[in-house]
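Colleague: Take this sequence and fold it.
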Amino acid sequence: MAKKVKKRKEIKRKLLHKYRLVILNENTFEEKISFKLSRLNVFVTGSLFMIALIGLTTLLIAFTPLREYIPGYSSTRLKKQATELTYKTDSLVRTLNYTNKYLDNIRMVLKGDIENTVVNRDSLFQQYKLDPSTVDLNPIKEDSLLRAEVALEDKYNLFERVIDKKNLVLFAPVTGEISMRYEPKEKHYAVDVTAIRDSPVKAIANGTVIFSEWTADTGYVIILEHEGGLLSVYKHNGSLSKFQGDIVRGGEVIASVGNTGEFTTGPHLHFELWDNGTPIDPLNYIDFN
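Modeller: Numbers count the residues shown, from 1 in each chain. Predicted coordinates for the structure are as follows:
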């Protein structure tokens, strides 16, 4: 027991024993600074210094951008940016796919080539065609009243030419003789209208110019996009007055009649109408005379 007490006193004496730390001038041995230290003071001071250093490091990592330089650490801001970029990437992929499909349609219009399934789509309904002899064609009372109402409305309707009830008034792009009609079996999805060279070519309706360039086959070409997915195509022009992105009004001059392109046979306008990717006969909606 006595030995334990003696050992404790010895440890206490060593911890509290005073030491003097002196800083001297090397040449004159003049005392500059001196400190009175003990092992306990050194231990406590060192511990406090280490705690303060750890606390300061923690604060720097938690509240400054330095934490981003720690390998494997990912900040909340970076996670948010990564999430936003992921959503933007998905949106860009969808937009790119839509744009590619749109460009494929424009390319198809320029080449005048469409799938047979589109051209021959009417044959799909052939099997469902009704035999008129089996149908009672006598109008009922309600049908007669409806016909009279429609006839009255048409009598005072100034705008007779509409497509699928989209209320589009279609102007004639040029006036002249039809040199070649709409012949889908021969892959001629247009009407060719002869006209005097440099005659103005007008927009058939309000729309946006989505293509206005030179092509080797059909010369100067301009394509307008109208309401409801309707496209109007003007080929073999002598010059173009509007460019891609321009907004045009119905009846506004967009080009001039010419004889440009490899497949031209003289001054004329090669005019096409496309309804949601399907060619339609312009003569059903426009009077070129």
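Colleague: pLDDT score assigned to Leu53?
Modeller: With respect to pLDDT, Leu53 has a value of 91.
Colleague: ok, so what distance separates it from Leu283?
Modeller: Using C-beta to C-beta, to the nearest Å, Leu53 is found at 89 Å from Leu283. Every C-beta, even on glycine, is put in place using the N, C-alpha and C of the backbone.
Colleague: who has more neighbours, those two?
Modeller: The residue with more neighbours, out of Leu53 and Leu283, is Leu283; 13 against 10, by other C-beta atoms under 10 Å.
Colleague: three-state assignment of the closest residue to Gly250 other than its chain neighbours?
Modeller: The spatially closest residue to Gly250, leaving aside those adjacent along the chain, is Ala205, at 4.4 Å (C-beta to C-beta, 6 or more residues apart in numbering). Here Ala205 is coil, with the state taken from DSSP: H, G, I helix; E, B strand; the rest coil.
Colleague: State the number of residues packed around Ala205.
Modeller: 20.
Colleague: Mind listing residues that contact stretch 29-42?
Modeller: With contact meaning C-beta atoms under 8 Å, 6 or more residues apart in numbering, stretch 29-42 is reached by 14-25.
Colleague: and with 6 Å instead?
Modeller: The contact list for stretch 29-42, computed with C-beta atoms under 6 Å, 6 or more residues apart in numbering, reads 15-16, 18-24.
Colleague: Pipe the residues you listed into CSV and attach secondary structure and distance to Leu59 per row.
Modeller: Output for the contacts of stretch 29-42, formatted as CSV (DSSP: H, G, I helix; E, B strand; the rest coil; distance: C-beta to C-beta, whole Å):
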residue, secondary structure, distance to Leu59
Leu15, helix, 32
Leu16, helix, 35
Lys18, strand, 36
Tyr19, strand, 34
Arg20, strand, 36
Leu21, strand, 31
Val22, strand, 36
Ile23, strand, 33
Leu24, strand, 39
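Colleague: wait, what's in contact with Asp217?
Modeller: Asp217 is in contact with 261-263, counting by C-beta under 6 Å, 6+ apart.
Colleague: per-residue pLDDT, it?
Modeller: On pLDDT, Asp217 comes in at 88.
Colleague: what does His268 give?
Modeller: Per-residue pLDDT puts His268 at 94.
Colleague: so what's the residue lying closest to it once chain neighbours are set aside bridging to?
Modeller: Closest residue to His268 apart from its sequence neighbours, by C-beta to C-beta, 6+ apart: Thr194 at 4.7 Å. Counting by DSSP bridges, Thr194 forms beta bridges with Glu177, His268.
Colleague: Quick check: Thr194 touching Thr175?
Modeller: No: using C-beta atoms under 6 Å, Thr194 makes no contact with Thr175, being 10.2 Å away.
Colleague: So Glu84 versus Val93, what's the distance?
Modeller: 15 Å.
Colleague: repeat for His236
Modeller: 38 Å.
Colleague: Neighbour count for these two, which is higher?
Modeller: Between His236 and Val93, counted using other C-beta under 10 Å, the more crowded position is His236 (26 against 10).
Colleague: ok, and the more buried one, which helix or strand is that part of?
Modeller: For His236, the host element (DSSP states H and E) is strand 230-240.
Colleague: got a list of contacts for the next helix or strand after that strand?
Modeller: Counting by DSSP H and E, the next helix or strand C-terminal to strand 230-240 is strand 247-248. With C-beta under 6 Å, 6+ apart as the test, strand 247-248 has contacts from 203, 207-208, 242, 254.
Colleague: correct me, but Asp281 touches Pro184?
Modeller: No: counting by C-beta under 6 Å, Asp281 sits too far from Pro184 to count as a contact (8.4 Å).
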